[in-house]
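Trainee: Pasting the sequence and the predicted model now:
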Amino acid sequence: MKQIVIATGNKGKAKEFKEFFADYKIDAVSLLDLDKNIPDVEETGTTFEQNAALKAEQIAALLDTPVLADDSGLIIDALDGRPGIFSARYAGGESKSDKKNIEKVLAELKTIPKEKRTARFICVLAIAIPGKETIFKTGYCEGSIGFEEKGENGFGYDPIFIPEDYTKSMAELSPNEKNSISHRRNAIIQLEKWIKAR
Ligand SMILES: O=c1[nH]c(=O)c2ncn([C@@H]3O[C@H](COP(=O)(O)OP(=O)(O)OP(=O)(O)O)[C@@H](O)[C@H]3O)c2[nH]1
Ligand SMILES: [Mg+2]
């Protein structure tokens, strides 16, 4: 089976990439699957593109193979776009905690009414191929932030994100349903030609 390396240490992302690439009969191997001790890539960029490129290019150089990286996050209008590129580490501290991040967002939006809770997920994919220019693709998923956590599926902010035209949270959707509307899917479908040519 063909393989593609995904430069992520996020379990939720790794699972979704495996599901997407299975459709193309490609095994998506994440950093969690590799035996090698791979150093953490510091996300020092100021944009999703820069951080996606940092992850893809550093791991591609290290392994000398094409690598796909995903930098993603949640953009909330009432918070001037926060948590944005800081989505994974919004509540601060070294340990990334989805639960603490969600609590912080809900607290910040406490007095904000339903119609002003609009938000979107963004996913920027970078594909680094040694010796070639890095390719970028961006996908979005529009929605709003609920008032409480709901559902057990997905990861990150899914329990408080209600996709547009839905009443359920992203975490209440099945993996297949999420994968049919998510920001990650909307980025990946733009890569279809590249994936099929592999
Ligand atoms: O509810 C969610 N559903 C999603 O589908 C989703 N996609 C991204 N996010 C949030 O945005 C951060 C990415 O930050 P990020 O791109 O730096 O990834 P990460 O640090 O978790 O892993 P890595 O890929 O960098 O190794 C994540 O941790 C999450 O908090 C999501 N939340
Ligand atoms: Mg990260």
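Mentor: Received the coordinates, thanks. Ligands and ions are numbered 1, 2, ... in the order given.

Trainee: so how far is Glu57 from the closest residue to ligand 1 within the chain?
Mentor: Closest to ligand 1 within the chain is Gly156: 2.4 Å, counting by Cβ to the nearest ligand atom. No exception for glycine: its C-beta is placed from N, CA and C like everyone else's. Distance, Gly156 to Glu57, using Cβ to Cβ, to the nearest Å: 24 Å.

Trainee: go on, Leu34?
Mentor: Counting by Cβ to Cβ, the gap from Leu34 to Glu57 is 17 Å.

Trainee: isn't Thr138 right up against Ile122?
Mentor: Yes. Applying Cβ atoms under 8 Å as the test, Thr138 and Ile122 come out as touching, 6.7 Å apart.

Trainee: list residues touching both of the two?
Mentor: Residues touching both Thr138 and Ile122 by Cβ atoms under 8 Å, 6 or more residues apart in numbering: Phe48.

Trainee: Which one's more surrounded, these two?
Mentor: Ile122 (21 against 16; other Cβ atoms under 10 Å).

Trainee: did I read that right, the more buried one in a helix?
Mentor: No. Using DSSP: H, G, I helix; E, B strand; the rest coil, the secondary structure at Ile122 is strand, not a helix.

Trainee: Name whatever forms a beta bridge with it.
Mentor: Gly73, Tyr140 (DSSP bridges).

Trainee: List the contacts of it.
Mentor: Applying Cβ under 8 Å, 6+ apart, the residues near Ile122 are Phe48, Ser72, Gly73, Ile75, Thr138, Gly139, Tyr140, His183.

Trainee: Same question for Glu19.
Mentor: Per Cβ under 8 Å, 6+ apart, neighbours of Glu19: Pro175, Asn179.

Trainee: so which strand or helix has it?
Mentor: In this structure, Glu19 sits in helix 11-22 according to DSSP states H and E.

Trainee: and after that helix, which helix or strand comes next?
Mentor: Next helix or strand after helix 11-22 toward the C-terminus (DSSP H and E): strand 26-30.

Trainee: So is that following strand next to ligand 1?
Mentor: No. Using Cβ under 6 Å from any ligand atom, strand 26-30 stays clear of ligand 1, with a minimum separation of 8.5 Å.

Trainee: by how many degrees do that strand and helix 11-22 diverge?
Mentor: Calculated by axes from the mean of the first three to the mean of the last three Cα atoms, to 10 degrees, strand 26-30 forms an angle of 160 degrees with helix 11-22.

Trainee: what's strand 26-30 in contact with?
Mentor: Identification of contacts with strand 26-30 by Cβ under 8 Å, 6+ apart yields 1-9, 13-14, 17-18, 20-22, 195, 198.

Trainee: Quick check: which of those residues are also close to ligand 1?
Mentor: Restricting the contacts of strand 26-30 to those within reach of ligand 1 (Cβ under 6 Å from any ligand atom) leaves Thr8, Gly9, Lys13.

Trainee: Find the nearest non-adjacent residue to the second one, please.
Mentor: In space, not counting the residues next to it along the chain, Gly9 is nearest to Leu31; the distance is 5.0 Å by Cβ to Cβ, 6 or more residues apart in numbering.
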